[in-house]
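Enquirer: turn this into a model:
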Amino acid sequence: MSNTEKKATKGMIKFVLTIFVVAMILALAYLAFFTPGHYGGGSLSPRTLASAANANQNIAEELDDPDLLSGVVDAPPGLAMEMADLIRFKTSTLTAIGLQRNGVWGEETASQKIEHLGLMFGALAASPSGSPTRS
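Expert: Predicted structure coming up:
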């Protein structure tokens with residue numbers, strides 16, 4: 001191997017290592033500053049959801065107008081647990097072993113999805129005649 005080939009080889013190795021280091025720095029910066037989601041499992045835990053449900057129930061008890069309360073029906077415990085599991089799954093940074101997910105929900109997205117699913121389940125539970133149902 002000639003002296004020129006040795007210099008070229010060292011230069012190529014130096015170039016590749018430089019590119020690698022720059023790529024690692026960019027990857028770490030992306031992970032630290034631009035990755036969506038909440039580290040630590042998200043802020044919408046089942047405990048948070050339960051306290052929000054209790055707060056809604058307390059507000060409902062304080063209202064004087066019965067027309068405003070006529071359509072309020074609490075979700076069955078099974079559905080509430082399914083919603084809590086869905087929110088935990090979609091907001092957690094990592095999924096459980098064996099599960100896959102496409103995307104992570106932030107706090108605002110999770111809040112919006114809870115509202116939209118609540119409207120959909122409320123519409124499905126509504127009486128066809130329009131009168132409020134009680135369960």
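Enquirer: shaky segments in the protein?
Expert: Judged by pLDDT under 70, the chain has its weakly predicted residues at 1, 34-73, 127, 130-135.
Enquirer: and the longest helix seen in the chain, what other elements does it pack with?
Expert: Taking DSSP state H as the criterion, the chain has its longest helix at helix 3-33. Contact analysis of helix 3-33 by 3 or more Cβ pairs under 8 Å, 6 or more residues apart in numbering; DSSP states H and E lists no helix or strand as a packing neighbour. Using the backbone N, CA and C atoms, a C-beta is placed for each residue, glycine as well.
Enquirer: just the buried positions in the helix or strand containing D85, please.
Expert: Element membership for D85 (DSSP states H and E) is helix 77-91. Judged by neighbour count using 16 or more other Cβ atoms under 10 Å, the buried positions of helix 77-91 are 83-84, 87-88, 90-91.
Enquirer: before we move on, what about stretch 16-31?
Expert: Residues of stretch 16-31 include none that count as buried (16+ other Cβ under 10 Å).
Enquirer: send the alpha carbons of stretch 22-37 over as CSV?
Expert: Extracted in CSV, the C-alpha atoms of stretch 22-37 (Å, rounded to 0.1, in the frame of the first residue of the first chain):
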residue,chain,number,x,y,z
VAL,A,22,-23.1,14.4,13.4
ALA,A,23,-26.0,12.0,12.7
MET,A,24,-26.0,10.8,16.4
ILE,A,25,-26.1,14.4,17.6
LEU,A,26,-29.0,15.2,15.3
ALA,A,27,-30.8,12.0,16.4
LEU,A,28,-30.4,12.9,20.1
ALA,A,29,-31.6,16.4,19.5
TYR,A,30,-34.6,15.2,17.7
LEU,A,31,-35.5,12.7,20.5
ALA,A,32,-34.9,15.3,23.2
PHE,A,33,-36.8,18.2,21.6
PHE,A,34,-39.2,17.0,18.9
THR,A,35,-40.5,13.6,19.9
PRO,A,36,-44.3,13.8,20.6
GLY,A,37,-45.8,12.3,23.7
